[in-house]
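Novice: Sequence and predicted structure below; questions after.
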Amino acid sequence: SDEFKMVLGALELYDKTVENAMTRYEDIFMLPDTLNLSADMVTQILDMGYTRIPIYEKKTQDDDEDRKNVVALLFVKDLALLDPADSHNVMKIASIYNHEVRRVLVDMPLRNMLEEFKRGEYHMALVERLVEQEDKDPIYELCGLITLEDIIEEIIQCEIIDE
Ligand code: ADP
């Protein structure tokens, strides 16, 4: 039955890790902390359809590199209350609401990630991997983003593949 397959899908969460379900780094929609929002840009951001948008610190000319420095989260709903008189720098808006940026390791079992989300404190986490460096301490590097939706999809997918 479908229920049986769903249970199998859920059981497979024990073998899978966050890496199997996450949205990859290259596909994360983010904004630089230097960005000042025009009305047009707000419309474009709303059209993307995401609820939460990581904000990264612009340190160099290299966007690909800078995107690893996520410093804040912007919730799209926070844009609803923008005062036309205020400056609309994204980092300034994000700082007002100050949503916590949660981070998990890429090899975390998916089952544990699900348990975390079920506790209800947060619904999205940045995914990091540990990178060993010669003669230096290892560093954590951003490699993805995961939400509850990704885990549910992982359960449903098992059902479809099993057909
Ligand atoms: P949303 O409400 O923003 O659509 P969901 O939790 O429903 O977020 O997740 C839907 C999918 O979108 C998931 O695969 C998730 O990893 C991905 N996702 C969420 N936020 C972003 C983002 N800022 N950039 C890219 N993908 C994202």
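Specialist: Looks like it came in fine.

Novice: can I assume residue 71 is in contact with residue 55?
Specialist: Yes. Using Cβ atoms under 8 Å, residue 71 is in contact with residue 55, at 6.1 Å. Using the backbone N, CA and C atoms, a C-beta is placed for each residue, glycine as well.

Novice: Quickly list what's touching both of those two.
Specialist: Both residue 71 and residue 55 are in contact with 33, 91, where contact means Cβ atoms under 8 Å, 6 or more residues apart in numbering.

Novice: Residue 136 pairs with what?
Specialist: Beta-bridge partners recorded for residue 136 (DSSP bridges): residue 133.

Novice: ignore the last one, residue 140
Specialist: Per DSSP bridges, the residues bridged to residue 140 are residue 130.

Novice: Tell me which residues touch it, please.
Specialist: The contact partners of residue 140, taken as Cβ under 8 Å, 6+ apart, are 103, 128-131.

Novice: so where do the strands sit in this structure?
Specialist: Listed in chain order, the strands of the chain (DSSP state E) span 23-24, 31-32, 52-56, 70-75, 103-105, 124-133, 136-147.

Novice: Put the alpha carbons of the last one into CSV.
Specialist: To tie it back to what came earlier, the one meant is strand 136-147. Listed in CSV are the C-alpha atoms of strand 136-147, where the atom choice follows Å, rounded to 0.1, in the frame of the first residue of the first chain:
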residue,chain,number,x,y,z
LYS,A,136,45.6,25.5,10.0
ASP,A,137,42.5,24.6,11.9
PRO,A,138,39.7,23.1,9.8
ILE,A,139,37.0,25.5,8.7
TYR,A,140,33.3,25.2,8.2
GLU,A,141,32.2,25.9,4.6
LEU,A,142,28.7,26.5,3.4
CYS,A,143,27.5,23.8,1.0
GLY,A,144,23.7,23.9,1.1
LEU,A,145,20.4,24.8,2.7
ILE,A,146,17.7,22.5,4.1
THR,A,147,14.1,22.8,5.2
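
Novice: Is any residue of it near the ligand?
Specialist: Yes. Under the criterion of Cβ under 6 Å from any ligand atom, strand 136-147 makes contact with the ligand via 145-147.

Novice: So residue 71 and residue 55 - more neighbours on which side?
Specialist: Neighbour totals were compared for residue 71 and residue 55, and residue 55 leads with 23 against 13 (other Cβ atoms under 10 Å).
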